[in-house]
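Q: show me how the following folds:
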Amino acid sequence: MPKSLVKSNGKKPSRSEIHALYDKGLTTLAVSTQLLISPAWARRVKQERALHGKTRNAITRNRPPKWAPLIPQIEQALAEQPDLTLVELQAKLGTPLHTGTLCRALQKLKLTFKKSPEGRRTGSSRCRSASSVVAIPATWL
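A: Sure thing, here's the model as predicted:
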């Protein structure tokens, strides 16, 4: 992988520093060279101010997850039938949320669920019981 031609000093300049240099009339190449940033990022900062008026970094959003409104239904469904698989839980809730999203929700809520779909074995295939061993007909030998 090729290394960047721009040498970083470890500290990322703020958007206001980039805007200040552009306001002085410097070109993108001059701004990126002076601040040791990539020209693409300098152009992006300039463009975001021109199009959207964005002058600061975005504040981290603390939005609730998409599954948050379903918490009571999830808890009720698992209380009624604790061995639901993720697919069964998804069907019972009638939600379009992905099973991976439901898995994260259950982990965050510290709720357990059945790990494998019905019909599929859990555990190693080497630990089969004698009843699950298939007999080979003598004609095959």
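Q: and Ala42, how many neighbours?
A: By the criterion of other C-beta atoms under 10 Å, Ala42 has 24 neighbours. Where you see a C-beta, it was placed from the backbone N, CA and C, and this is true even at glycine.
Q: which residues touch it?
A: Residues in contact with Ala42 (C-beta atoms under 8 Å, 6 or more residues apart in numbering) are Ile18, Thr28, Val31, Ser32, Leu35.
Q: and the two most separated of these?
A: Spatially, the most separated pair among those is Thr28 and Leu35, at 10.9 Å (C-beta to C-beta).
Q: neighbour-wise, which of these two wins?
A: More crowded of Thr28 and Leu35, by other C-beta under 10 Å: Leu35, with 20 against 17.
Q: now Glu48. Nearest residue, chain neighbours left out?
A: Sequence neighbours aside, Lys54 is the residue nearest to Glu48 in space, at 4.3 Å (criterion: C-beta to C-beta, 6 or more residues apart in numbering).
Q: list phi and psi for that neighbour.
A: phi -80, psi 120 (degrees, to the nearest 10).
Q: longest helix anywhere in this protein?
A: Among the segments of the chain that qualify as a helix by DSSP state H, the longest is helix 39-52.
Q: buried residues in that one?
A: Pro39, Trp41, Ala42, Val45, Lys46 (16 or more other C-beta atoms under 10 Å).
Q: packing partners of the helix or strand just after it?
A: Using DSSP states H and E, the helix or strand that follows helix 39-52 in sequence is helix 71-80. Using 3 or more C-beta pairs under 8 Å, 6 or more residues apart in numbering; DSSP states H and E, the elements in contact with helix 71-80 are helix 86-93, helix 99-108.
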